[in-house]
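K.L.:
I'd like to go over a predicted model; first the sequence, then the structure.
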Amino acid sequence: MCSPVPARWALFECGEGCDFYDNQATNAGCTAELDTLNECGAANTDRACEENVCSAESEALSTCFTK
């Protein structure tokens with residue numbers, strides 16, 4: 001079991017802050033990448049502590065934000 005939640009998964013623990021991520025993704029044209037990352041996270045909640053889980057999806061979102 002890991003502690004704390006890995007940074008790439010903090011998005012799923014954001015509570016009301018999720019609106020911030022949604023707005024950022026919308027403004028950057030990255031909603032598809034955010035949706036893909038969210039879907040991966042939801043499908044792999046039991047594997048959140050594994051290093052490479054959803055790393056490709058997280059990287060795609062980061063890349064989109066930097067365009």
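P.N.:
Now that the structure is in, tell me what you want to look at. Remember, predicted model here, so these are calculated numbers, not experimental data.
K.L.:
need the helices for the chain, in chain order.
P.N.:
18-28, 31-43, 55-65 (DSSP state H).
K.L.:
which positions within the longest one qualify as buried?
P.N.:
To tie it back to what came earlier, the one meant is helix 31-43. 33-34, 36-38, 41 (16 or more other Cβ atoms under 10 Å). C-betas here are computed from N, CA, C, even on glycine.
K.L.:
turn the residues you listed into TSV, including distance to N27.
P.N.:
As requested, the buried residues of helix 31-43 are exported to TSV (distance: Cβ to Cβ, whole Å):
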residue	distance to N27
E33	13
L34	11
T36	18
L37	17
N38	17
G41	21
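K.L.:
and those, which is closest to N23?
P.N.:
L34 (10.6 Å; Cβ to Cβ).
K.L.:
thought the closest one was touching N23?
P.N.:
No. Look at L34 against N23 with Cβ atoms under 8 Å: they stay out of range, at 10.6 Å.
K.L.:
can you add pLDDT and distance to S55 and give the buried residues of helix 31-43 back as TSV?
P.N.:
Converted to TSV, the buried residues of helix 31-43 look like this (pLDDT from 0 to 100; distance: Cβ to Cβ, whole Å):
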residue	pLDDT	distance to S55
E33	93	13
L34	89	15
T36	91	12
L37	87	10
N38	83	15
G41	82	11
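K.L.:
is it possible to get JSON lines of the helices of the chain that adds distance to C49?
P.N.:
JSON lines is the format used below for the helices of the chain (distance: least, Cβ to Cβ, whole Å):
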{"stretch": "helix 18-28", "distance to C49": "21"}
{"stretch": "helix 31-43", "distance to C49": "13"}
{"stretch": "helix 55-65", "distance to C49": "13"}
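K.L.:
count of neighbours near C49?
P.N.:
Residues lying near C49 (other Cβ atoms under 10 Å) number 12.
K.L.:
and it, backbone torsions?
P.N.:
phi -80, psi -10 (degrees, to the nearest 10).
K.L.:
next: the one 4 residues further on.
P.N.:
Backbone torsions for V53, taken as degrees, to the nearest 10, come to phi -70, psi 120.
K.L.:
and for it, the neighbour number?
P.N.:
20.
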